[in-house]
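Undergrad: got a sequence here, can you model it:
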Amino acid sequence: MVGHRFCLSLFFLLALAVTAFSTLEFSRDDFPPEFIFGSGTSAYQVEGAAFQDGRTPSIWDTFTHAGSAHGATGDIACDEYHKYKEDVRLMVETGLDAYRFSISWSRLIPYGRGPVNPKGLSYYNNLINELISHGIQPHVTLCHSDLPQALEDEYGGWLSRKILAIHLFLVVMMLESPPQRCSTPFGNCTEGNSSSEPYIAAHHILLAHASVVKLYWKKYQNKQHGFIGINVFAMWFVPLTNTTEDIIATQRAQDFYLGWIVGALVFGDYPEIVKKRAGTRIPAFTIQESKQVKGSFDFIGINHYFTTYIKNNREMLKMDQRDFSADVAADMIPIQDDSPPDQFSVLPWGLQQLLEYFKRVYGSPPIYIHENGQRTQRNSTLNDTGRVKYLQGYIGGLLDAVRNGSNVKGYFIWSFLDVLELLDGYESSYGLYYVDLDDPDLKRYPKLSAHWYSGFLKGRNITPDGPIEIQMNKTPLSDA
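TA: This next block holds a predicted model:
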């Protein structure tokens, strides 16, 4: 046992040692020519117009109107529904290759099923055409945690298998409607926090996703030349101590939080530890379902913000009724650097190790970093040096991972604008652009990070003094 503990500990220590620092000086030219850089938002967080032109409530409307986001709602948000042309101009000025946004199911097909809403369809067609006409790739998420409330009320949302056929209908309507250009990572949205509901909802999401991919590959991909995948939230974990218990718990956390979805997609089944701990609470794939789910992606999108310590907690297994967290039986303990306590620690080695894990365990699938960004307090300052430090560290770390063979195809900063955040409402911000919510016109203002990212995208050489250099010589956003 001592030797086993030493070997496992040595592996983690070496893994940290070889990736403790990211590349300090780099430019966009150091990335492959076809590498995509962009930024993103999602429908409910940015569009506004929540009760206009036929849109009906989603579960996110219900959540925020219950006061769960510090009293904030997406009723108006950034009003991109009316200001999308202005925002696309900002994307062009910033130098984005691509924009990741989502489709509001409630706007496109009110009440979740039935006829397509022409005004909703027109909005998304207009947005896509506006992006393409300015040379910006649309990267579209079909569901970003905003299931129509009508489907939640009628079926219990993703807890019912009936929603699989309804979701497939949504996809058909999207793909059959002009302009027929689409790359569709499917957002991972779950419902409930009881002992079994997360497992049931995720199971149905995987089956719905696999059905969509099968349809897209068979009927649309050759005509539309798009690509389709799924999006997962991906933290990186390291053991708090070098004890065997914490090291095993760290792998267990990876199996639950990442392998639960990605393992099923790559191998056609859930990790053994997940099935063992969840028991009859997690549905089993039939042989046919396993074949359909396995390999059902052209890429995997990951949202990565932070790395955390893992400490084994065997007491959780003694609970009479266990939920997902108790099944993991581990505590997450933040890793704190010199960043302010309300910001994420800048630990790019965590992203590097996460990508190395994808390469080693999952066969190096094509990956897009769909979300990566720094949290700050809203209305604090346009001089967001903490965000610049974070982005510089993580893009430098990403470059190291690409050079080391990681199959990453693109990187998207979360978020392009200061949007409504899921739990924080408008208390925190991640945006490159500040949106003045007190201004009737919701004026957008570039932060220091927007100038930094624009400079990087336009070829500026990035150095360790990046934030200082940008303050002294900001890149004009209108420069080509």
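
Undergrad: on the three-state scheme, Val232 is what?
TA: strand (DSSP: H, G, I helix; E, B strand; the rest coil).

Undergrad: hmm, His304 and it touching each other?
TA: No. If you go by C-beta atoms under 8 Å, Val232 and His304 don't touch, sitting 9.7 Å apart. All C-beta atoms are positioned from the backbone trio N, CA, C, and that covers glycine.

Undergrad: leaving out the residues flanking it, which one is nearest to the most centrally placed residue in the chain?
TA: Centroid-nearest residue in the chain, with C-alpha atoms, centre = their mean: Asn303, separated by 3.5 Å. Closest residue to Asn303 apart from its sequence neighbours, by C-beta to C-beta, 6 or more residues apart in numbering: Glu371 at 3.7 Å.

Undergrad: who are the contact partners of the one you found?
TA: 40, 302-305, 412, 414-415 (C-beta atoms under 8 Å, 6 or more residues apart in numbering).

Undergrad: closest to Phe358 out of those residues?
TA: Distance to Phe358 across the contacts of Glu371 (C-beta to C-beta) is lowest for Ile302, with 8.1 Å.

Undergrad: give the contact list for the closest one.
TA: For Ile302, the contact set (C-beta under 8 Å, 6+ apart) comprises 231-234, 354, 367-371.

Undergrad: repeat that with 7 Å
TA: Ile302 is in contact with 232, 234, 367, 369-370, counting by C-beta atoms under 7 Å, 6 or more residues apart in numbering.

Undergrad: does it belong to a helix, a strand or coil?
TA: Applying three-state DSSP: Ile302 is strand.

Undergrad: neighbours of the spatially closest residue to Lys275 that is not a sequence neighbour, just the number please.
TA: Take Lys275 and drop its neighbours on the chain: the residue closest to it by C-beta to C-beta, 6+ apart is Ile282, 6.3 Å away. For Ile282, the count of nearby residues is 20 (other C-beta atoms under 10 Å).

Undergrad: got the contact list for Ile282?
TA: So Ile282 contacts 199, 270, 274-275 (C-beta under 7 Å, 6+ apart).

Undergrad: one more: Leu391?
TA: 413, 449, 452-453.

Undergrad: which members of these are the farthest-apart pair?
TA: Longest distance between any two of these is 10.5 Å, between Ile413 and Trp452; criterion C-beta to C-beta.

Undergrad: circling back: any chance of the contacts of Glu371 in TSV, with pLDDT and distance to Phe324 too?
TA: Shown next, in TSV, are these (pLDDT from 0 to 100; distance: C-beta to C-beta, whole Å):
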residue	pLDDT	distance to Phe324
Gly40	98	26
Ile302	97	19
Asn303	97	18
His304	98	20
Tyr305	98	20
Phe412	98	27
Trp414	97	24
Ser415	94	27
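
Undergrad: closest one of those to Lys458?
TA: Distance to Lys458, by C-beta to C-beta, is smallest for Phe412 among the contacts of Glu371, at 17.6 Å.

Undergrad: contact partners of the helix or strand hosting the closest one?
TA: According to DSSP states H and E, Phe412 maps onto strand 408-414. The contact list for strand 408-414 (C-beta under 7 Å, 6+ apart) reads 35-40, 98, 100, 299, 355, 366-373, 391, 395, 398, 401-402, 430, 432, 453.

Undergrad: those residues, buried ones only, as a PyMOL selection?
TA: The PyMOL selection below is limited to those of the contacts of strand 408-414 classed as buried (16 or more other C-beta atoms under 10 Å):
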select buried, resi 35+36+37+38+39+40+98+100+299+355+367+368+369+370+371+372+373+391+395+398+401+402+430+432+453
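
Undergrad: can you list contacts of the helix or strand harbouring Arg107?
TA: Here Arg107 sits within helix 105-108, counting by DSSP H and E. With contact meaning C-beta under 7 Å, 6+ apart, helix 105-108 is reached by 55-58, 112, 116-117, 120-121, 124, 143, 146-148, 170.

Undergrad: so how far is Ile230 from Phe324?
TA: 19 Å (C-beta to C-beta, to the nearest Å).

Undergrad: have a look at these two and say which one is more surrounded.
TA: When Phe324 and Ile230 are compared for neighbours, Ile230 comes out ahead with 26 against 23, by other C-beta under 10 Å.

Undergrad: pLDDT weak spots in this protein?
TA: 1-23, 168-194, 466-480 (pLDDT under 70).

Undergrad: let's see it at 50
TA: For the chain, the stretches with pLDDT under 50 are 1-20, 178-193, 479-480.

Undergrad: ramachandran angles for Gly324?
TA: Residue 324: Phe, not Gly. Backbone dihedrals for Phe324, given as degrees, to the nearest 10, come out at phi -60, psi -50.

Undergrad: what's the distance between stretch 363-372 and the middle of its chain?
TA: Between the centre of stretch 363-372 and the centre of its chain there are 10 Å (C-alpha atoms, centre = their mean, to the nearest Å).

Undergrad: now the end-to-end length of it.
TA: End-to-end span of stretch 363-372 (C-alpha to C-alpha, to the nearest Å): 23 Å.

Undergrad: cool, and stretch 25-41?
TA: Using C-alpha to C-alpha, the gap from the first to the last residue of stretch 25-41 comes to 29 Å.

Undergrad: contacting residues around that stretch?
TA: Residues outside stretch 25-41 that contact it (C-beta under 7 Å, 6+ apart) are 96-101, 137, 139, 370-371, 396, 399, 402, 409-417, 419, 432, 456-457, 459-463.

Undergrad: now, of these, which are buried?
TA: Neighbour-count burial (16+ other C-beta under 10 Å) is assigned, among the contacts of stretch 25-41, to 96-101, 137, 139, 370-371, 396, 399, 402, 409-417, 419, 432, 456-457, 460, 462.

Undergrad: in helices, which of the residues you listed appear?
TA: Using DSSP state H, the subset of those located in helices is 396, 399, 402, 456-457.

Undergrad: can you get me a residue count around Pro341?
TA: Using other C-beta under 10 Å, Pro341 has 7 other residues around it.

Undergrad: and Tyr357, how many neighbours?
TA: Tyr357 has 18 nearby residues by other C-beta under 10 Å.

Undergrad: which residue is the nearest non-sequential neighbour of it?
TA: Spatially, and ignoring its direct neighbours in sequence, Tyr357 is nearest to Gln254 (7.1 Å; C-beta to C-beta, 6+ apart).

Undergrad: assign that neighbour to one of the three secondary structure states.
TA: Counting by three-state DSSP, the backbone at Gln254 sits in helix.

Undergrad: isn't it up against Phe237?
TA: Yes. If you go by C-beta atoms under 7 Å, Gln254 and Phe237 touch, sitting 6.1 Å apart.

Undergrad: now the contacts of Glu371 as TSV including distance to Leu206?
TA: Formatted as TSV, the contacts of Glu371 follow (distance: C-beta to C-beta, whole Å):
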residue	distance to Leu206
Gly40	23
Ile302	16
Asn303	17
His304	21
Tyr305	23
Phe412	23
Trp414	24
Ser415	26
